[in-house]
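Peer 1: Below is the structure, and that's it, no one-letter string:
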Ligand code: 3PG
């Protein structure tokens with residue numbers, strides 16, 4: 001893949017696809033700007049190299065062909081202006097041409113408002129390509145989408161390159177999965193096995209230890225023959241969980257199951273939390289976190305790991321009473337010498353809550369893209385870049 005860092009961009013019109021799809025509340029406030037700050041070095045570099053910079057991103061999932069203020073990237077343009085210290089105009093109608101000079105940077109309005117964007121339309125892809133001398137794909141978070149701004153334009157641009165953020169993501173994830181320092185430990189947690197089934201099935205053939213948490217762990221606890229009371233559980237996937245455990249065992253990998261859990265009678269912040277051995281969960285209990293013994297055991301495993309891949313909180317950490325397990329694992333990751341990677345919206349919220357940003361080796365900007373990479377899938381935008389050489 002051609003790298004943007006290797007290109008002379010002096011006086012060139014450079015179109016950069018970023019993933020600036022950040023959460024914005026009803027008052028137009030950006031609630032997490034991680035994706036914006038992650039894109040900044042790329043944008044600064046393009047300006048330093050003397051390019052006329054056009055930044056393209058989607059936001060949300062708007063109806064094509066319609067402009068609505070709630071889909072606008074206006075709050076992102078305002079924040080970019082502050083962070084870059086230069087005026088960043090938001091260009092509303094831009095497919096036919098963009099007024100921008102070398103040394104300037106403009107943000108193009110939400111590309112998903114363009115008809116044909118999502119279906120990777122050929123004519124739209126060519127129109128994007130015609131805007132620039134060089135197209136830079138830097139949106140790792142959207143690299144799993146084969147759309148006009150992530151995939152089609154790469155095929156038609158005069159020059160197509162990978163941006164520094166995209167390349168850093170691919171390098172970090174490759175380091176964790178392709179030739180990891182061992183033991184390789186993955187934490188896969190979240191509410192449902194069904195949404196992470198492919199991930200679990202793929203990782204089980206690579207990892208030395210696979211810690212499951214949240215609702216996913218409940219299905220594994222049920223697979224061990226324990227009662228889970230009123231907990232979130234997918235009974236139809238208990239056999240699948242058994243198979244994943246058997247596959248792991250067959251290759252000497254370990255899927256530890258909690259020995260103690262934190263239960264409550266209801267899913268609520270003020271519900272009374274009780275620690276119970278995993279074989280003593282009552283019919284009216286809901287499992288909302290791993291217990292302290294389990295957290296200590298998992299933390300010790302993290303301490304011995306060479307590589308840690310973290311996706312998903314192991315308990316309902318939004319409620320403090322049920323966040324101790326996630327906090328213990330987060331602190332263990334921060335304290336360990338392992339090469340660690342964290343990704344996914346809930347995971348990043350946990351990283352933020354426990355203030356361990358500096359203790360994680362690499363924080364991915366990808367949600368779905370991060371999962372698909374870990375699942376071993378080819379990301380269409382990356383494949384298109386590779387095909388251009
Ligand atoms: C994300 O938030 O995961 C990316 O921005 C992709 O968004 P999408 O799922 O709407 O394609």
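Peer 2: Cool, the structure landed. Computed from a predicted structure; not experimentally measured. Residues are numbered from 1 along each chain as shown.

Peer 1: for the protein, what spans make up the strands?
Peer 2: Secondary structure of the chain (DSSP state E): strands at 13-17, 52-56, 90-91, 105-108, 134-137, 159-162, 184-189, 209-213, 260-264, 274-277, 286-290, 307-311, 339-342, 362-363.

Peer 1: Next, the buried residues of stretch 66-81.
Peer 2: By neighbour count, with 16 or more other CB atoms under 10 Å as the criterion, the buried positions of stretch 66-81 are 71, 72, 73, 74, 75, 76, 77, 79, 80, 81. (C-beta placed from N, C-alpha, C; glycine too.)

Peer 1: nearest spatial neighbour of the fourth one, skipping sequence neighbours?
Peer 2: Closest residue to residue 74 apart from its sequence neighbours, by CB to CB, 6 or more residues apart in numbering: residue 90 at 5.6 Å.

Peer 1: Burial check on the one you found, number of neighbours?
Peer 2: 20 (other CB atoms under 10 Å).

Peer 1: again with residue 174
Peer 2: As a burial measure, residue 174 scores 12 neighbours (other CB under 10 Å).

Peer 1: Distance of it relative to residue 165?
Peer 2: Applying CB to CB, to the nearest Å, one obtains 15 Å for the distance of residue 174 from residue 165.

Peer 1: repeat for residue 333
Peer 2: Taking CB to CB as the measure, residue 333 and residue 165 are separated by 22 Å.

Peer 1: What of residue 138?
Peer 2: Between residue 138 and residue 165 the computed distance is 5 Å (CB to CB).

Peer 1: Between the two, point out the one with more neighbours.
Peer 2: The residue with more neighbours, out of residue 138 and residue 165, is residue 138; 31 against 26, by other CB under 10 Å.

Peer 1: can you pull the pLDDT of the closest residue to that one other than its chain neighbours?
Peer 2: For residue 138, ignoring the flanking residues on the chain, the nearest one in space by CB to CB, 6+ apart is residue 163 at 2.7 Å. The score at residue 163 is 98. That number is its pLDDT.

Peer 1: quick one, what contacts the residue of the stretch 51-200 of the chain found nearest the ligand?
Peer 2: Proximity to the ligand, evaluated over the stretch 51-200 of the chain using CB to the nearest ligand atom, is greatest for residue 141 at 4.4 Å. Residue 141 is in contact with 19, 21, 35, 365, 366, 367, 368, 369, 370, counting by CB atoms under 8 Å, 6 or more residues apart in numbering.

Peer 1: Filter those residues down to the ones in helices?
Peer 2: Restricting these to those inside helices, with DSSP state H as the criterion, leaves 35, 368, 369, 370.

Peer 1: Quick one, which of these are buried?
Peer 2: Among those, the ones that count as buried by 16+ other CB under 10 Å are 35, 369, 370.

Peer 1: shouldn't the second one be in contact with residue 140?
Peer 2: This means residue 369. Yes: contact criterion CB atoms under 8 Å: residue 369 and residue 140 qualify, at 5.8 Å.

Peer 1: Check the gap between the closest residue to residue 309 other than its chain neighbours and residue 80 for me.
Peer 2: Spatial nearest neighbour of residue 309, excluding adjacent residues (CB to CB, 6+ apart): residue 186 at 4.5 Å. Here residue 186 is placed at a distance of 34 Å from residue 80 (CB to CB).

Peer 1: before we move on, back to that, tell me the contacts of the residue nearest to residue 74?
Peer 2: Residues near residue 90 by CB under 8 Å, 6+ apart: 72, 73, 74, 77, 106, 107, 108, 109.

Peer 1: ok, 7 Å please
Peer 2: For residue 90, the contacting residues are 73, 74, 77, 107, 109, by CB atoms under 7 Å, 6 or more residues apart in numbering.

Peer 1: Quick check, pLDDT for it.
Peer 2: Model confidence at residue 90, given as pLDDT, is 98.

Peer 1: Equivalent analysis for residue 360, please.
Peer 2: The per-residue pLDDT of residue 360 was computed as 98.

Peer 1: Give me the phi and psi for it.
Peer 2: Backbone torsions for residue 360, taken as degrees, to the nearest 10, come to phi -100, psi 130.

Peer 1: wait, isn't it in contact with residue 351?
Peer 2: Yes: counting by CB atoms under 7 Å, a contact exists between residue 360 and residue 351, whose distance comes to 6.3 Å.

Peer 1: can you tell me how far the nearest residue to residue 201 once chain neighbours are set aside sits from the ligand?
Peer 2: Leaving aside its chain neighbours, residue 201 sits nearest to residue 244 (6.6 Å; criterion: CB to CB, 6+ apart). For residue 244, the distance to the ligand (CB to the nearest ligand atom, to the nearest Å) stands at 25 Å.

Peer 1: Over to residue 388?
Peer 2: Counting by CB to the nearest ligand atom, the gap between residue 388 and the ligand amounts to 22 Å.

Peer 1: And for residue 279?
Peer 2: Residue 279 sits 38 Å away from the ligand, taking CB to the nearest ligand atom as the criterion.

Peer 1: Just give me the neighbour total for the residue nearest to that residue when sequence neighbours are not counted.
Peer 2: Beyond its immediate neighbours in the sequence, the residue positioned closest to residue 279 (CB to CB, 6+ apart) is residue 226, lying 5.5 Å away. A count of neighbours around residue 226, defined by other CB under 10 Å, yields 19.

Peer 1: okay, now the domains of the protein?
Peer 2: The record assigns the chain these domain ranges, following automatic domain parsing: 4-164, 171-374.

Peer 1: Great, nothing more from me.
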